[in-house]
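Chemist: One predicted model, sequence on top.
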Amino acid sequence: MLLHLNDSSETEKREDDQDWFQGIDDRFKTKSAYIKYNCEMRIRGYMKEVRNYAQTIQTPKLKDRYMQTADYLMMQLKSDKFNGCYFDRTEEEQNRLCTKEGWFNCQGAFDQVKCEFHHSINPYGNRESRIIFSTWNLDHIIEKRRTVIPDLVGALKKPKRRDIDLDHFYKLLFTRENLKLVHIVCHKKGARDESKLYKRRKSK
């Protein structure tokens, strides 16, 4: 269906493609700026989940340590500009998930090497594609709430918690080290063998 829509991916500025910007705040003057913001908001959402997990921690001292750790992770995210570069086609090739024209390819379900359906989309091309792209997911291979965050809490309980590799947890929560861009069809929500996935990622 999308193949028959107009492709204006070569345009970047608001004044050159008013239709693409329908419903978007006036502060966004370029397509790349808005798509980058879209990515930042997804990552911010993950950070919010990390902070909210503190509500499940009953021990005051552990909760305090956890919030200090969350503050550190937030500082790192701010330094990395919430990794918005992943969706920004104007970024360097090694930092983005799309081509310089704005094409994204589905990376396949969490337990697959690649997408067996060859899903692709260019949200820079037209308003309809931009809207549909919002249904694509940055999926955690090792689930953040079921495995990564509980493992972080477990590490904070240990006597030698100062030796925790926070960079490792940061990568698992917020970076392409543990994130895959997937079409909604490839976003599997069933049970995962987390132990195998975790060991495989740590061995890299």
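Modeler: Nice, thanks for sending it over.
Chemist: For the residue of the chain positioned farthest from its centre, give me the pLDDT.
Modeler: Outermost residue of the chain with respect to the C-alpha centroid, by C-alpha atoms, centre = their mean, is Pro159; its distance is 32.0 Å. For Pro159, the model assigns a pLDDT of 78.
Chemist: how about low-confidence regions in this protein?
Modeler: Within the chain, the segments meeting pLDDT under 70 span 1-5, 161, 190-204.
Chemist: Quick check: bridge partners of Lys13?
Modeler: Taking DSSP bridges as the rule, Lys13 bridges to Thr30.
Chemist: That one against Phe28, yeah?
Modeler: No. Counting by C-beta atoms under 8 Å, Lys13 stays clear of Phe28, with 10.5 Å between them. Backbone N, C-alpha and C define where each C-beta goes, glycine included.
Chemist: between these two, which one's more packed in?
Modeler: Taking other C-beta atoms under 10 Å, Lys13 and Phe28 do not tie; Phe28 has more neighbours (15 against 11).
Chemist: neighbours of Ala54, just the number please.
Modeler: Around Ala54 there are 16 residues (other C-beta under 10 Å).
Chemist: do the same with Cys106
Modeler: Using other C-beta under 10 Å: Cys106 sits among 24 other residues.
Chemist: Ok, Ala33 next?
Modeler: Neighbours around Ala33, by other C-beta under 10 Å: 17.
Chemist: Buried residues, the helix or strand hosting Ala70. List them.
Modeler: Assigned by DSSP states H and E, Ala70 falls within helix 60-79. Neighbour-count burial for helix 60-79 flags Lys63, Arg65, Tyr66, Thr69, Ala70, Leu73, Leu77 (criterion: 16 or more other C-beta atoms under 10 Å).
Chemist: which helices and strands does the strand or helix carrying Gly154 pack with?
Modeler: Secondary-structure assignment from DSSP H and E places Gly154 in helix 149-157. Here helix 149-157 touches helix 60-79, helix 166-174, going by 3 or more C-beta pairs under 8 Å, 6 or more residues apart in numbering; DSSP states H and E.
Chemist: Gly45 is nearest to which of the ones you listed?
Modeler: Gly45 sits nearest to helix 166-174 of all the helices and strands packed on helix 149-157, at 10.7 Å, using C-beta to C-beta.
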